[in-house]
Every structure is written in structure tokens, then in C-alpha cells.
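Chemist: Based on what follows, work out the 3D shape:
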Amino acid sequence: MPDDWKYEPAHDAGLPRKERERSLRREAGLISVLAAHAWGGLTRLYLRTFHRLEIEGREHLPEPPFILIANHASHLDALALAAAVPRRWLARVFPLAAGDTFFERPLLSAFAASCLNALPIWRKSCGSHSLAELRDRLAAERCIYLLFPEGTRSRTGAMGAFKPGIGKLVCASTVPVVPCRIAGAWEAWPPGANYPRSAKVRIRIGKPVGFSGTENDRAGWQDTARRLEEAVRALGGEI
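Modeler: Reported below is the predicted structural model:
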């Protein structure tokens, strides 16, 4: 047997269903893969037909691993960002979702884990251990994270300030961050609306930004958030 081949069980093996769905080390089984591909195909079709989704700048996407970030004003944002990633990488795409929103109720938790392939971030209790685990998995498994650094949806459609948590994932790391600007999602489905409207959604993808030379400390995290906020704002205008 080759020395570089080693059998390892799944990191979430043996966990009860509820704990598995919430695990940051959750691995997709056959049913989850099929569900994610089916859901991905349906949402891409929906976005193309109902919201006439346009994506500009796909050529800027590097090979995984990387983090895709954007402004956040609608539940459509995560679906649109996922649709911007080539389908051949779908199994590597993990939206980082609010645990208190998507992982508290059993049915919604199962949907978020199986169809969205989301990983939970607990906004009120996300400690350094959880972020370190996400950081390690990002690089080791060549993942693609979808993240909204504002931390919550805008209630007005205007972009808010980015939080420094993004820096904890990428400072002093070779993993790049790809800034994106989403337009039209707030008009299509703003917070408080029960159903989406038929409004056009556009995404502009910018060039990757690296932070390997940025110190992994509080000052570095804040500087990273500032630079990425500027990069996303710079993608605004007529899109």
C-alpha cells in the first residue's frame, strides 16, 4: 500500500443527526450530494427565468480554495452567489449561515444542511475555536465559502460596514477572497416581504484579494474588513 494513502473515516461519523447537521466538519453523503445538485439546478433555473440573473466577471474566480463575499440585502443573495460558482465545484461550496436562523428548527436545519450545504455560524457565541476550525477546513479541503461580512441583511438596501470576523479566516493565509457586488436582490426580495418579486438581479465579480502578508491579529482583522468593504463598494455603480 502506498505510504501517501491513508484511510480516514468521515469527520462527522457517528454523530447524531442534529449534531451532524450543525457540525463544522460535516461531510456530504450520497443523499446530500444529490439533494444539493437538485436544489442547485432548480435555483439556477429560477434565478435565470424569474430574476433574469446576470453574472459579470466569472473569469476572476481562482481555483479553490477561496472565499466569495458580497453585500447582503436579501435571502436571494446566497442563492445568487452560489449560482456564480461553476457547477463542477458545487460539492465544495459552503455558505456560512446564521445558526440561530437556519439551524434551530429541525426541518429548516435539515434543509440548510442537505440542500444548501450550509455551515452554521452562531452570531452570539461564535468563538475563536469555531473560526479556527473553519479556517483549517477551508485550506485543507480546498473549500469555497460564501460569506456576507456585514453579518446581517440590510433593511434599507444600502451596504453596511463589514465586521472583522472575515479577517480571522484569511489573515496570514494564502486563501484569497473574491469580492462581489449584488444589485437588484433587495428590490426582488427585501427583508419583511413574504414573497419575491420579479426584479432583475445582477452580480459583478471582482479580482481576488490576498492577505498572506496581513498579521492575524485584531489590527489585521480590522484592516482586512476595511479593505474588503472598499473592494465591494468599488464594484458598485451601473451593474
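Chemist: Spell out the residue ranges of the strands in the protein.
Modeler: 54-56, 66-70, 93-98, 119-121, 144-147, 177-183, 202-205 (DSSP state E).
Chemist: Nearest to residue 220, out of those?
Modeler: Among the strands of the chain, strand 177-183 comes nearest to residue 220, with 13.4 Å by CB to CB. To be clear about C-beta, it is placed using only N, CA and C from the backbone, and glycine gets the same treatment.
Chemist: list the helices and strands that closest one packs on?
Modeler: The contact analysis (3 or more CB pairs under 8 Å, 6 or more residues apart in numbering; DSSP states H and E) places strand 177-183 against strand 66-70, helix 76-84, strand 202-205, helix 218-234.
Chemist: mind putting those in TSV, distance to residue 212 included?
Modeler: As requested, those are exported to TSV (distance: least, CB to CB, whole Å):
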stretch	distance to residue 212
strand 66-70	13
helix 76-84	24
strand 202-205	21
helix 218-234	11
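Chemist: Could you single out the most deeply buried of the ones you listed?
Modeler: Among those, strand 66-70 has the highest mean neighbour count (mean count of other CB atoms under 10 Å), at a mean of 25.
Chemist: Quick one: work out the angle between it and strand 177-183.
Modeler: Counting by axes from the mean of the first three to the mean of the last three CA atoms, to 10 degrees, strand 66-70 lies at 30 degrees to strand 177-183.
Chemist: re the thing from before, nearest to residue 35, out of the strands of the chain?
Modeler: When these are compared by CB to CB, strand 93-98 sits nearest residue 35, at 13.6 Å.
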